[in-house]
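Engineer: quick one: sequence plus predicted model below, questions after.
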Amino acid sequence: MPGLLGYGVYNNPGGNMTPTIDVGDYIVADKQAYSSTEPEINDLVIYANPRDLNSTWIGRVVALPSNKISIVNGITMVEGKEIVQDYINPGMNKSEMSVKLEEQTVPKSSVFIMGDNRDSSMDSRYFGPVPLNNLLGHIVIII
């Protein structure tokens with residue numbers, strides 16, 4: 001979809017961000033947000049999948065460059081501390097990859113991104129951290 005003044009409008013075709021962003025919702029992203037600032041934990045982002053740069057995906061930043069991340073019994077830990085994830089529906093957090101992830105360190109020029117619907121999201125748990133250069137925008141409006 002066309003954008004306006006540095007913003008892009010996208011349609012969410014999948015359920016990886018349910019319940020935060022539903023199938024069919026439109027989202028507006030600031031495409032210049034990360035040209036002058038770094039992403040923060042919990043930022044909702046548009047990004048190019050590292051395995052297919054022509055594929056645009058949406059997700060939530062859960063760990064920053066150099067952070068250690070793991071999942072223990074369904075609890076996401078960053079730097080050894082539980083991160084608050086009140087946006088997750090517990091019924092959507094039961095698959096093996098949603099319950100356990102061995103600790104890893106995010107590379108200095110990357111972020112770790114996951115979908116809010118953990119059981120139905122292909123994200124950094126599968127394809128690894130996302131390079132900062134792959135961030136296409138910060139989601140600012142969900143319609």
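Structural biologist: Ah, there it is.

Engineer: switch to C-alpha atoms for all contacts and neighbour counts from now on
Structural biologist: OK.

Engineer: for this structure, give me the ranges with low pLDDT.
Structural biologist: Low-confidence segments of the chain (pLDDT under 70): 1-4.

Engineer: what about 50?
Structural biologist: Counting by pLDDT under 50, the chain has no low-confidence residues at all.

Engineer: all strands for it, in order.
Structural biologist: Secondary structure of the chain (DSSP state E): strands at 7-11, 26-30, 44-49, 52-63, 68-72, 75-78, 81-82, 100-105, 110-114, 130-131, 135-142.

Engineer: winner for burial among those strands?
Structural biologist: Burial of the strands of the chain is given as mean neighbour count (mean count of other CA atoms under 10 Å); strand 110-114 ranks first at a mean of 25.

Engineer: in its sheet, what does that strand sit against?
Structural biologist: Here strand 110-114 is paired, per DSSP bridges, with strand 52-63 (antiparallel), strand 130-131 (antiparallel).

Engineer: residue contacts, the closest residue in space to Asp22 that isn't next to it in sequence?
Structural biologist: Excluding the flanking residues, the one nearest Asp22 by CA to CA, 6 or more residues apart in numbering is Gly15, at 6.3 Å. Going by CA atoms under 8 Å, 6 or more residues apart in numbering, Gly15 touches Ile21, Asp22, Val23, Asn117, Ser120, Ser121.
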